[in-house]
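# Let's see this in three dimensions:
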Amino acid sequence: MPTRPWHDRHVPRPRTVTPQLPSEIGVHDGLAYSLWLPPAPAPAGVVTLHGAGSCKENHHDFARAVLGAGLAAIAFDQRGHGDSEGPLDGRAIDDVVSIAALLRSRIGQGTAIALRGSSMGGYLALVSAAGVGAGAVVAICPASGEGLRRGLANGRFTFDADRPALDRFLAAHDVQAAASALEVPVLLLHAEGDEQVPVEHSRELAALLRSPRSRLITLPGGHHRSIQHDSEMQAVSLRFIERELAPREAL
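Below you'll find the model as predicted:
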């Protein structure tokens, strides 16, 4: 059998990696989305919510991790972001509910769903969970309504917003009140070095959570966006979702 020259044997061959593409992309109720469906029927699904000024593509890495676990995933652009229609306004919760309904239409109306959001998306995950009927919530460095209102007022946000309508929405939906009313398990993840949302905010939220299966994990250092793309923390989030969405009799 012919052998490769010595120098060839010691040179690693290039390898092409093709990222998993969504099963479906489209627009639903004016909201641009990316949907991932596993080959076998999905036992559960995850709605991923991005932060202020971000977009759905920034969370495709987590959606692929969800798909790899055999679950369905959907990510979408909030209004005022990406390819979705219209400014971000008082429809924010209705939009999350609408996207969750779209996911259920693809995997089964009775299928359990989790919400996973970062920053503004973490805030929306907590205030939308009851309306969605979510079985679990993961909130990463969740923003406060007051912090979002300040950012809106001082012009820190560059996304398209109906500012009066969004301000009224944020004033009417207190994240601490929402957290204290939730019966479902919540996983809070926060970097102690977060320069935008202090870690104390998540500690305060954690003290309000009612489910004994809720958890708070804080990580030394880091920054506002470091956790959402950390592979180890993505795995922690995914294990939490899998455990909490599994039928109780299966545990």
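
# Find the nearest non-adjacent residue to Leu208, please.
Nearest-residue entry for Leu208: Ser180, 4.1 Å, with adjacent residues in sequence omitted and distances by CB to CB, 6 or more residues apart in numbering. The C-beta positions use only the backbone N, C-alpha and C, and glycine is treated the same way.

# and the one you found, what is it in contact with?
Going by CB atoms under 8 Å, 6 or more residues apart in numbering, Ser180 touches Leu208, Leu209, Arg210.

# For Ser98, give its distance to Thr111.
Ser98 sits 16 Å away from Thr111, going by CB to CB, to the nearest Å.

# just for this protein, where's the confidence low?
Low-confidence segments of the chain, defined by pLDDT under 70, are located at 1-18, 248-251.

# what are the ranges of the strands in it?
24-28, 31-36, 44-49, 72-76, 112-118, 136-140, 186-191, 215-219 (DSSP state E).

# list the contacts for Gln78?
Under the criterion of CB under 8 Å, 6+ apart, the contact list for Gln78 reads Leu49, His50, Ser84, Leu88, Ala92, Asp95, Met120, Gly121, Leu124, Phe159.

# what sits against Pro19?
His60, Arg64.

# shift numbering so it begins at 871
Fine by me, first position is 871 from now on; the one you just mentioned is Pro889.

# any idea which of the contacts of Ser1050 has the most stuff around it?
Leu1079 (22 neighbours; other CB atoms under 10 Å).

# residues in contact with the nearest residue to that one once chain neighbours are set aside?
Nearest residue to Leu1079 in three dimensions, chain neighbours excluded: Val1056, at 5.3 Å (CB to CB, 6+ apart). Val1056 sits next to Leu996, Ala1006, Val1007, Val1008, Ala1009, Ala1049, Leu1075, Leu1079, Ser1081, Ser1084, Arg1085 when contact means CB under 8 Å, 6+ apart.

# Please name the bridge partners of Val1056.
Counting by DSSP bridges, Val1056 forms beta bridges with Val1007.

# Arg1083 versus that one, what's the distance?
With CB to CB as the criterion, Val1056 and Arg1083 are 9 Å apart.

# sorry, back to before: just the buried members of the contacts of Val1056?
Buried subset of the contacts of Val1056 (neighbour count, 16 or more other CB atoms under 10 Å): Leu996, Ala1006, Val1007, Val1008, Ala1009, Ala1049, Leu1075, Leu1079, Ser1084, Arg1085.

# any chance of those residues in CSV, with distance to Gly896 too?
Formatted as CSV, those follow (distance: CB to CB, whole Å):
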residue, distance to Gly896
Leu996, 27
Ala1006, 26
Val1007, 25
Val1008, 25
Ala1009, 27
Ala1049, 32
Leu1075, 34
Leu1079, 35
Ser1084, 34
Arg1085, 35
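
# Need the max-distance pair from those residues.
Among these, the pair separated by the greatest distance (CB to CB) is Ala1006 and Leu1075, at 15.2 Å.

# Tell me which stretches of the stretch 871-1020 of the chain form helices.
Ranges of helices in the stretch 871-1020 of the chain, per DSSP state H, counting those that start in this stretch, are 876-879, 930-938, 962-977, 990-1002, 1015-1023.

# for the longest one, which positions count as buried?
By neighbour count, and taking 16+ other CB under 10 Å as the criterion, the buried residues in helix 962-977 are Ala962, Ile963, Asp965, Val966, Val967, Ser968, Ile969, Ala970, Leu972, Leu973, Arg974, Ile977.
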